[in-house]
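[1] From the sequence below, what's the structure:
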Amino acid sequence: MISKHLKYIDDNSDKFWNIKTNETDVIITYGKNGTAGTTLLKKFETVEIAEKEALKLISEKIKKGYSESGEVIIANKNNDNKTTEKIDTKKNLEDELKLLIFTKNVNGVQDFLDKSTKGNIIELRKLVKSQRKYWLDYVDLRKESVFKFGQNNWGYRADDKQREILLLFLVAVGDLKEINSQWDVYSAFQEILNNDRFRNLIRNSKPTWVEEFLLGQIRRNNWSVVPYKALRFLEKEGIIKFNPELYALNLANQRDHKNNSKESEFIKSFLEDSVALTRDIPLLFEYETNINNNSFHIQNNDKSYTEYKLWHQGLLLLLNENKISRDLVVSGALSTQSKEWNNGTKTFFKKTVRKYSYH
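    Okay, the predicted model is just below:
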């Protein structure tokens, strides 16, 4: 069910529009504030069509200057006579942002940001924070049937589409302090290569906190990393700069458990990648990581399992393919033994020397 009451109050007008749906009906009441107004009833074939038409009408009224408070904001025109729809008041910012979330208009997020961000970052941060609390807090839904999904009395007001909208807004306007406290942002970066909408938003907004955010996350949770190719994408797009520690920690903790083979598809992807071979893989010998904990298991014929270290197998493959030198591996591994690193990492490289000294 959709319900919206909009007003338009200035020196010359004092009007309202009330738009709501009841299953396949759209009920429209309009007139002068303080009167009963005129009511129209429009019937449609399905609930979806009815709601779509109601949302379209609501959007049209907002563009004409209607708002919940009655304050009139008319779209301006630029020198080319093109509508800019610049939002320049707190109330209208709030009205339109709430409408995008309520109507699940994820495709409208970028347009809203394009016309609203300049000069309004602080206000938008406050609005996004309050909306995330409202929509994402775990609450008793017994008195809020419009948000109740399934049979549970407790839950979240937001569905998946609304969660995505709230995430996009947070990433576009949030600061690092706020970002660090939200669980869903890091997950989005882990899926960035598969999510066109999130990827495009990052391209457009170019947040300055991404490098520091990703490094902080992997330092705290080295078992959960973004794909290596995602880092390369972010670097190419100018979202992050090359950060050797970030790349070292990322590479050391990449997982590849998808096949029952000692030849990792992840490692194979480096065979023709000169940047990875000459710049990034040597970093494994320069930064303390948990490389020793990165292993996978292969099932044997007798159903038992043998454990393999991902980077023992990886370095061996790259050596066999003449993509890295024996000197890099042996000298690099030996250099780690004099460093004040954790014993697990030093043990990994000690075994590396034994494995490859005579390779």
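[2] Quick check: closest non-adjacent residue to Asn342.
    When the adjacent residues along the chain are set aside, Asn342 lies closest to Glu288, with 6.7 Å between them (Cβ to Cβ, 6 or more residues apart in numbering). Quick note: C-beta positions are derived from backbone N, CA and C, even for glycine.
[3] So in that sheet, which strands flank the host helix or strand of Tyr308, and in what orientation?
    In this assignment (DSSP states H and E), Tyr308 forms part of strand 305-309. Partner strands and pairing direction for strand 305-309 (DSSP bridges) are strand 295-299 (antiparallel).
[4] Please point out which parts of the partner strand sit buried.
    Using 16 or more other Cβ atoms under 10 Å as the burial criterion, the residues of strand 295-299 that qualify are Phe296.
[5] that older thread, hmm, who's touching the strand holding Tyr308?
    For strand 305-309, the external contacting residues (Cβ atoms under 8 Å, 6 or more residues apart in numbering) are Lys262, Ile291, Asn292, Asn294, Ser295, Phe296, His297, Ile298, Gln299, Asn300, Phe348.
[6] picking that back up, could you look up the SS state of the residue nearest to Asn342?
    State at Glu288, reduced to three classes by DSSP: H, G, I helix; E, B strand; the rest coil: coil.
[7] Make sure it is actually in contact with Lys346.
    No - using Cβ atoms under 8 Å as the test, Glu288 is too far from Lys346 to be in contact (9.2 Å).
[8] Now do Val128 against Leu170, distance only.
    Using Cβ to Cβ, to the nearest Å, one obtains 6 Å as the distance from Val128 to Leu170.
[9] What is the neighbour count of Ser39?
    Wrong residue type there; residue 39 is Thr, not Ser. Each residue near Thr39 was counted by other Cβ atoms under 10 Å, and the total is 11.
[10] what's the spacing between stretch 121-130 and its chain's center?
    17 Å (Cα atoms, centre = their mean, to the nearest Å).
[11] What mean pLDDT does it get?
    The pLDDT scores in stretch 121-130 average 94.
[12] Which positions in that stretch come out as buried?
    Within stretch 121-130, the residues that qualify as buried by neighbour count (16+ other Cβ under 10 Å) are Leu124, Arg125, Leu127, Val128, Lys129.
[13] got JSON lines for those residues, with distance to Thr103 and secondary structure too?
    Output for the buried residues of stretch 121-130, formatted as JSON lines (distance: Cβ to Cβ, whole Å; DSSP: H, G, I helix; E, B strand; the rest coil):
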{"residue": "Leu124", "distance to Thr103": "18", "secondary structure": "helix"}
{"residue": "Arg125", "distance to Thr103": "22", "secondary structure": "helix"}
{"residue": "Leu127", "distance to Thr103": "16", "secondary structure": "helix"}
{"residue": "Val128", "distance to Thr103": "17", "secondary structure": "helix"}
{"residue": "Lys129", "distance to Thr103": "21", "secondary structure": "helix"}
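[14] what's the closest of these to Pro282?
    Relative to Pro282, the closest of these is Arg125; by Cβ to Cβ it sits at 40.3 Å.
[15] Is that closest one in contact with Glu178, as I believe?
    Yes - because the distance of 7.0 Å satisfies Cβ under 8 Å, Arg125 is recorded as touching Glu178.
[16] And the helices in the stretch 201-350 of the chain?
    Assigned by DSSP state H, counting those that start in this stretch, the stretch 201-350 of the chain shows helices spanning 210-220, 228-236, 244-252, 265-268, 274-275, 310-320, 326-335, 343-356.
[17] distance of the residue nearest to Phe270 when sequence neighbours are not counted from Val329?
    Closest residue to Phe270 in three dimensions, ignoring its sequence neighbours and counting by Cβ to Cβ, 6+ apart: Ala276, at 4.6 Å. Note on Ala276: its distance to Val329, by Cβ to Cβ, is 15 Å.
[18] repeat for Phe296
    When Cβ to Cβ is the yardstick, Phe296 and Val329 sit 20 Å from each other.
[19] for Lys43, same thing?
    Applying Cβ to Cβ, the value for Lys43 to Val329 is 74 Å.
[20] what's the distance between the residue nearest to Ala158 when sequence neighbours are not counted and Asn120?
    The shortest distance from Ala158 to any residue other than its chain neighbours is 3.9 Å, reached at Trp135 (Cβ to Cβ, 6+ apart). Using Cβ to Cβ, one gets 20 Å for the distance from Trp135 to Asn120.
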